[in-house]
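Colleague: Here is my input; please provide its structure:
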Amino acid sequence: MPLVKHDYPVLEYDTASKAVFQPGNGKKCFPAKAVFAFLGDEVENYAHTHDGIQIDEFESATRRYPIYECLYNQEKICLCPAPVGSAAAVQVLEYLIAGGVTKIISVGSCGVLEDIPENRFLIPVSALRDEGTSYHYLPPSREVEISKAGINAIESALSQKNIPYWEVKTWTTDGFYRETVEMVQYRKEEGCQVVEMECSALAACAKFRKVTWAMLLFSADTLADPRIYE
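Modeller: Predicted coordinates for the structure are as follows:
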């Protein structure tokens, strides 16, 4: 399918896999499995306290994101902090994939739209695409499904530790300060149970690049009653 033009640029889509700028240089050799985590300094703290080795870094205009190699259950894994926001997160994910990563789990917090207690584990099985980045990777659609293989891997790990979890539909948005009372209610009526800023874009990138990706969220703030924000 050639470039599809549209009155609205965000809905224009090109199936070409090669772009003017390609991620990485094809010479990296990262471990096949990666944890790409929205956990701030905790990523570096874990690497430093578990004999992680920095094997590379992704350099953006504002900061550098270290990429570590760690040993877990006698298997090498890649560990990298993730930047907040769909566009920035996908840029780093592209770099990891170009370096040889094929199986990725992301971890991060979310807001809840239902009465879900704080610090509960939630696994998105679909994401509403209310951000711009995913439309550069997949044709326009309202939602994107998450890899079943990735979901199964997370659920298996949690089950082995007897950790409860919930499968959810997430609302991925670019507009953190545009989550209006009416929009929150509308998304709840669509079946969204949580809200965050990266899931649908990362899922779209993974589908386009034909790698396995899924996400583990933990509940933080609540918009269950948006008139009383916590």
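Colleague: Check the gap between residue 60 and residue 156 for me.
Modeller: Computed as C-beta to C-beta, to the nearest Å, the residue 60 to residue 156 distance reads 34 Å. No exception for glycine: its C-beta is placed from N, CA and C like everyone else's.
Colleague: Sorry, wrong one. I was asking about residue 211.
Modeller: Counting by C-beta to C-beta - residue 211 and residue 156 are separated by 19 Å.
Colleague: Between those two, which has more neighbouring residues?
Modeller: Per other C-beta atoms under 10 Å, whichever of residue 211 and residue 156 has more neighbours is residue 211, with 19 against 9.
Colleague: what residues are up against the more buried one?
Modeller: Contact analysis of residue 211 by C-beta atoms under 8 Å, 6 or more residues apart in numbering lists 97, 101-104.
Colleague: repeat that for 6 Å
Modeller: Contacts for residue 211 (C-beta atoms under 6 Å, 6 or more residues apart in numbering) come out as 97, 102.
Colleague: Report pLDDT for it.
Modeller: With respect to pLDDT, residue 211 scores 97.
Colleague: Please report how far it lies from residue 36.
Modeller: From residue 211 across to residue 36, the span is 11 Å (C-beta to C-beta).
Colleague: and if you look at residue 220?
Modeller: 18 Å.
Colleague: Residue 218 and residue 117, how far apart?
Modeller: 11 Å.
Colleague: These two: which is more packed in?
Modeller: Neighbour count, other C-beta under 10 Å: between residue 218 and residue 117, residue 218 has more, with 15 against 8.
Colleague: Tell me the bridge partners for that one.
Modeller: residue 109, residue 121 (DSSP bridges).
Colleague: For it, list the residues it contacts.
Modeller: 109, 119, 121.
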